[in-house]
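[1] Sharing a model that was predicted from the sequence below.
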Amino acid sequence: MTHIARTVALILASLLALAPPASAQQVEFKGLQQDPTLPVEVGADSLAVDQGTGLATFDGNVLVTQGAMTIKAGNARVEYAKGGAGISKLFFSGRVTFTGGTEAAQADDAVYTVATGEVVLTGDVLLTQGSTTIAGQKMVYDLQKGTGRMEGRVQTTFTPESGKTP
(Lines give C-alpha, C1' and ligand atoms only; values in the text may rest on other atoms or scores of the structure.)
Protein backbone atom coordinates (compact mmCIF):
# COMPACT_ATOMS: atom_id res chain seq x y z
CA MET A 1 0.00 0.00 0.00
CA THR A 2 1.43 3.40 -0.94
CA HIS A 3 1.99 6.13 1.63
CA ILE A 4 -0.92 8.19 0.22
CA ALA A 5 -3.31 5.21 0.21
CA ARG A 6 -2.30 4.32 3.77
CA THR A 7 -2.85 7.94 4.88
CA VAL A 8 -6.30 8.07 3.20
CA ALA A 9 -7.24 4.74 4.81
CA LEU A 10 -6.19 6.00 8.26
CA ILE A 11 -8.15 9.23 7.81
CA LEU A 12 -11.27 7.34 6.69
CA ALA A 13 -10.96 4.88 9.56
CA SER A 14 -10.57 7.78 12.03
CA LEU A 15 -13.59 9.59 10.63
CA LEU A 16 -15.73 6.45 10.72
CA ALA A 17 -14.72 5.83 14.32
CA LEU A 18 -15.62 9.42 15.23
CA ALA A 19 -18.71 9.85 13.05
CA PRO A 20 -21.97 10.10 14.98
CA PRO A 21 -24.98 7.95 14.15
CA ALA A 22 -27.81 9.88 12.48
CA SER A 23 -29.82 10.20 15.68
CA ALA A 24 -27.45 10.20 18.68
CA GLN A 25 -23.86 10.62 19.80
CA GLN A 26 -22.14 9.95 23.12
CA VAL A 27 -20.43 13.04 24.49
CA GLU A 28 -17.50 13.33 26.89
CA PHE A 29 -17.19 16.72 28.51
CA LYS A 30 -14.40 16.64 31.10
CA GLY A 31 -14.11 20.41 31.60
CA LEU A 32 -17.75 20.87 32.54
CA GLN A 33 -18.26 18.95 35.75
CA GLN A 34 -19.95 19.75 39.01
CA ASP A 35 -19.23 19.18 42.65
CA PRO A 36 -22.54 18.86 44.55
CA THR A 37 -20.79 19.76 47.81
CA LEU A 38 -20.03 23.30 46.58
CA PRO A 39 -22.54 26.13 47.06
CA VAL A 40 -24.68 27.31 44.13
CA GLU A 41 -24.60 31.11 43.72
CA VAL A 42 -27.33 32.83 41.67
CA GLY A 43 -27.48 36.46 40.51
CA ALA A 44 -30.09 38.24 38.34
CA ASP A 45 -31.80 41.57 37.66
CA SER A 46 -34.83 40.58 39.77
CA LEU A 47 -36.12 37.84 42.06
CA ALA A 48 -39.65 36.70 42.95
CA VAL A 49 -40.17 34.14 45.72
CA ASP A 50 -43.29 32.08 46.46
CA GLN A 51 -42.99 30.47 49.90
CA GLY A 52 -46.18 28.46 49.34
CA THR A 53 -44.84 26.59 46.30
CA GLY A 54 -41.17 26.67 47.24
CA LEU A 55 -40.21 28.35 43.97
CA ALA A 56 -37.95 31.30 43.27
CA THR A 57 -37.87 32.96 39.84
CA PHE A 58 -34.84 34.94 38.69
CA ASP A 59 -35.37 37.23 35.70
CA GLY A 60 -32.87 39.03 33.49
CA ASN A 61 -29.16 38.35 33.06
CA VAL A 62 -29.16 35.24 35.24
CA LEU A 63 -25.70 34.06 36.28
CA VAL A 64 -25.28 30.82 38.26
CA THR A 65 -21.91 29.55 39.48
CA GLN A 66 -20.90 26.35 41.25
CA GLY A 67 -17.15 25.93 41.52
CA ALA A 68 -15.64 26.35 38.03
CA MET A 69 -18.99 25.84 36.29
CA THR A 70 -20.91 28.91 35.09
CA ILE A 71 -24.46 29.04 33.73
CA LYS A 72 -25.93 32.09 31.99
CA ALA A 73 -29.57 32.47 30.94
CA GLY A 74 -32.34 34.99 30.46
CA ASN A 75 -34.46 33.45 33.22
CA ALA A 76 -34.16 30.77 35.88
CA ARG A 77 -36.67 29.12 38.16
CA VAL A 78 -35.34 27.46 41.31
CA GLU A 79 -37.18 24.53 42.86
CA TYR A 80 -36.11 23.97 46.45
CA ALA A 81 -35.79 20.54 48.04
CA LYS A 82 -38.53 19.44 50.42
CA GLY A 83 -38.11 21.09 53.78
CA GLY A 84 -36.08 23.93 52.22
CA ALA A 85 -32.83 21.98 52.52
CA GLY A 86 -31.07 23.34 49.44
CA ILE A 87 -31.86 23.51 45.75
CA SER A 88 -33.46 20.53 44.02
CA LYS A 89 -33.67 21.72 40.39
CA LEU A 90 -32.94 24.78 38.31
CA PHE A 91 -35.01 25.45 35.16
CA PHE A 92 -33.38 27.79 32.63
CA SER A 93 -34.75 29.56 29.56
CA GLY A 94 -33.64 32.34 27.25
CA ARG A 95 -30.60 30.90 25.42
CA VAL A 96 -28.79 29.05 28.18
CA THR A 97 -24.97 28.75 28.23
CA PHE A 98 -23.00 26.33 30.43
CA THR A 99 -19.21 26.88 30.54
CA GLY A 100 -16.30 25.17 32.23
CA GLY A 101 -12.68 25.46 31.12
CA THR A 102 -12.46 25.47 27.31
CA GLU A 103 -15.81 23.72 26.92
CA ALA A 104 -19.30 25.18 26.55
CA ALA A 105 -22.86 24.06 25.87
CA GLN A 106 -25.71 26.25 24.62
CA ALA A 107 -29.44 25.54 24.26
CA ASP A 108 -32.82 27.26 24.31
CA ASP A 109 -33.79 25.63 27.62
CA ALA A 110 -32.18 23.49 30.31
CA VAL A 111 -33.09 21.65 33.50
CA TYR A 112 -30.30 21.04 36.04
CA THR A 113 -30.94 18.50 38.83
CA VAL A 114 -28.38 19.47 41.46
CA ALA A 115 -28.27 16.24 43.52
CA THR A 116 -27.66 13.95 40.54
CA GLY A 117 -25.69 16.41 38.40
CA GLU A 118 -27.95 15.71 35.40
CA VAL A 119 -28.53 18.48 32.88
CA VAL A 120 -31.09 18.16 30.08
CA LEU A 121 -30.58 20.77 27.36
CA THR A 122 -33.23 21.18 24.65
CA GLY A 123 -33.68 23.29 21.52
CA ASP A 124 -30.78 24.04 19.16
CA VAL A 125 -28.13 22.51 21.41
CA LEU A 126 -24.54 23.41 20.53
CA LEU A 127 -21.63 21.78 22.32
CA THR A 128 -18.10 23.19 21.87
CA GLN A 129 -14.95 21.38 22.94
CA GLY A 130 -11.93 23.37 21.79
CA SER A 131 -12.34 23.55 18.00
CA THR A 132 -14.78 20.59 17.86
CA THR A 133 -18.52 21.29 17.75
CA ILE A 134 -21.54 19.01 18.07
CA ALA A 135 -25.10 20.23 17.46
CA GLY A 136 -28.44 18.51 18.04
CA GLN A 137 -31.89 19.07 19.49
CA LYS A 138 -31.45 17.48 22.93
CA MET A 139 -28.54 16.60 25.17
CA VAL A 140 -28.75 14.67 28.43
CA TYR A 141 -25.54 15.22 30.34
CA ASP A 142 -24.11 13.85 33.62
CA LEU A 143 -21.92 16.54 35.15
CA GLN A 144 -20.53 14.18 37.80
CA LYS A 145 -19.29 11.60 35.27
CA GLY A 146 -18.54 14.04 32.44
CA THR A 147 -20.56 12.02 29.90
CA GLY A 148 -23.71 12.60 27.93
CA ARG A 149 -25.82 11.79 24.92
CA MET A 150 -26.76 14.13 22.05
CA GLU A 151 -30.05 13.37 20.28
CA GLY A 152 -31.99 14.69 17.33
CA ARG A 153 -30.40 15.40 13.97
CA VAL A 154 -26.77 15.43 15.17
CA GLN A 155 -24.19 17.47 13.26
CA THR A 156 -20.53 17.57 14.17
CA THR A 157 -17.31 19.17 12.96
CA PHE A 158 -13.93 17.67 13.83
CA THR A 159 -10.77 19.70 13.39
CA PRO A 160 -7.69 17.51 12.84
CA GLU A 161 -4.59 18.27 14.85
CA SER A 162 -2.06 20.12 12.70
CA GLY A 163 1.53 19.11 12.30
CA LYS A 164 1.00 15.37 12.87
CA THR A 165 1.60 12.81 10.17
CA PRO A 166 0.41 9.22 10.34
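    Looks like it came in fine.
[2] hey, where'd the strands end up in the chain?
    Counting by DSSP state E, the chain has strands at residues 24-28, 41-43, 46-50, 55-66, 69-80, 87-100, 103-113, 118-129, 132-142, 147-151, 155-157.
[3] Show me the residue at the heart of the protein, geometrically.
    Of all residues in the chain, the one closest to the mean position by Cα atoms, centre = their mean is residue 105, 4.1 Å from it.
[4] tell me, which of the strands of the chain is the model least confident about?
    Looking over the strands of the chain, mean pLDDT reaches its minimum on strand 24-28, with a mean of 48.
[5] Report the beta-bridge partners for the residue nearest to the centre of the chain.
    residue 98, residue 127 (DSSP bridges).
[6] Please name the residues that touch it.
    Contact analysis of residue 105 by Cβ atoms under 8 Å, 6 or more residues apart in numbering lists 29, 32, 97, 98, 119, 121, 125, 126, 127, 128, 139, 141. To be clear about C-beta, it is placed using only N, CA and C from the backbone, and glycine gets the same treatment.
[7] Pick the one among these closest to residue 68.
    Nearest to residue 68 out of those is residue 32 (Cβ to Cβ; 8.6 Å).
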